[in-house]
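# here's a sequence, model it:
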Amino acid sequence: MVNQLSRVERDAIISKVIATVERKHFDPQFDKDRWRTVVEERRAGMLDAGGAAGFDSVLSELVRSVGTPDSGFFHESSRRKVPKGLAARFQYCQPNECAPAYTQPSDAGDVMISKVADGVGWLKVTKFPGAVGVDIAKQIDRAVQELNGCNRLIIDLRGNAGGGLAFLRVMSYLTPERIPVGYSVTRARAETNYSKETLATFDRIPSQKAALILLALKFGFRDDSVSIVTEGLGAKPFHGRTALLVDQSTTGAGERIAAFAQERKLAPVVGGQTAGRLICCSVYKISHGYYVRIPARAWYTWRGELLEGRGVQPDCTVPDGQPASQDVQLDRAVDIVQGL
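Numbers count the residues shown, from 1 in each chain. Modelled structure (predicted):
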């Protein structure tokens, strides 16, 4: 149970939320004057909101007014998990928040495979749980190994709800080389004359969780801006004969994969336009057990394209099929890879 706060305590919390948003919000074009005007217009209502739930609600609405639907204000006693340490730095879109209808647990888990035609493998990843994703990366490796004998591959990211950095493993299976993918930039770094080539580089998902301490030492004491480079996993029989499936509920990490494949011309993207929700959010402690979740790092493709709000437009647009039993998007993807 959240204790009732005094008016003085509420005022201090509001002030700290204001300062955190102004310092950490991802957009270098963020209009501080407009933000402060909105705050002052709503401040009296926030101070007088009825009960803890009312206070939480009006402050969360304020934060979302300059953020994304994933932004908000909440107490640690709520059901929302508060990431800490390394997870707080590398948390992107929380699994099950962006597209809950598509990410319910299944008997097959978060990674599913099948052989959908002669020599054509199907790999579906529903989300990328974990900050760095050691476990999910291993599941993806096993899935690819079990598709041995397939010289064509369909990677199904429809409904992918995002998650942590394990999206790098899927990207790395698209190319044998180590090549830049994209980069995320904090507000502080975006307001400087920075170079993407000088950002801290994340280029490998460790095979053991014990190695996470090394990542914490590498990234834990610097600005959160980071560039992503593929792991260089070597040649695969399906390289050049791969297609990606996406739709309107593909968010975050799934969109980054699709944008990378499209920008580098590694695989055609098939299906529907993605959600356009690639902003990287972070959670910051306020006081009295409260936290604020706001966009903190803008994601750019390596060529500098910002896809937030626009998403990825497929190379081959295929509407959802009717009846539901007929997966016309998958059928089209099979036709495409068989022609590669």
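# tell me the buried residues in stretch 26-42?
Neighbour counts over stretch 26-42 (16 or more other Cβ atoms under 10 Å) mark 26, 30, 35, 39, 42 as buried. All C-beta spots, glycine's among them, are computed from the backbone N, C-alpha and C.
# my guess is the fourth one contacts residue 18. True?
Yep, that's residue 39 we're talking about. Yes. Using Cβ atoms under 8 Å, residue 39 makes contact with residue 18 at a distance of 5.5 Å.
# quick one: stretch 16-31 to chain centroid distance?
When distances are taken as Cα atoms, centre = their mean, to the nearest Å, stretch 16-31 is centred 20 Å away from the chain's centroid.
# sorry, wrong one. I was asking about stretch 312-330.
For stretch 312-330, the distance to the chain centre is 23 Å (Cα atoms, centre = their mean).
# please save the CA atoms from that stretch in PDB.
The C-alpha coordinates for stretch 312-330 follow below in PDB (Å, rounded to 0.1, in the frame of the first residue of the first chain):
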ATOM      1  CA  VAL A 312       9.200   0.100 -41.800                       C
ATOM      2  CA  GLN A 313       7.300   0.000 -45.100                       C
ATOM      3  CA  PRO A 314       7.600  -3.600 -46.500                       C
ATOM      4  CA  ASP A 315       9.200  -4.300 -49.800                       C
ATOM      5  CA  CYS A 316       6.200  -6.400 -50.600                       C
ATOM      6  CA  THR A 317       2.900  -5.400 -48.900                       C
ATOM      7  CA  VAL A 318       0.600  -8.300 -48.200                       C
ATOM      8  CA  PRO A 319      -2.600  -7.700 -46.200                       C
ATOM      9  CA  ASP A 320      -3.700 -10.200 -43.600                       C
ATOM     10  CA  GLY A 321      -5.500 -13.100 -45.200                       C
ATOM     11  CA  GLN A 322      -9.100 -14.100 -45.000                       C
ATOM     12  CA  PRO A 323     -10.200 -16.600 -43.800                       C
ATOM     13  CA  ALA A 324      -8.000 -16.600 -40.800                       C
ATOM     14  CA  SER A 325      -6.900 -20.200 -41.500                       C
ATOM     15  CA  GLN A 326      -5.100 -19.100 -44.600                       C
ATOM     16  CA  ASP A 327      -1.800 -17.300 -44.000                       C
ATOM     17  CA  VAL A 328      -1.400 -15.400 -47.200                       C
ATOM     18  CA  GLN A 329       1.600 -13.400 -45.900                       C
ATOM     19  CA  LEU A 330       3.500 -16.600 -45.100                       C
END
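# list the contacts of it.
Defining contact as Cβ atoms under 8 Å, 6 or more residues apart in numbering, one finds that stretch 312-330 is touched by 116, 122, 154, 156, 158, 245-247, 250, 255, 258-259, 262, 268-274, 331-332, 336.
# in the stretch 51-200 of the chain, which spans are helices?
Ranges of helices within the stretch 51-200 of the chain are 51-64, 85-90, 134-146, 167-172, 187-190, based on DSSP state H, counting those that start in this stretch.
# then the stretch 201-340 of the chain?
Using DSSP H, counting those that start in this stretch, helices in the stretch 201-340 of the chain cover 212-219, 253-263, 328-338.
# cool, thanks, signing off.
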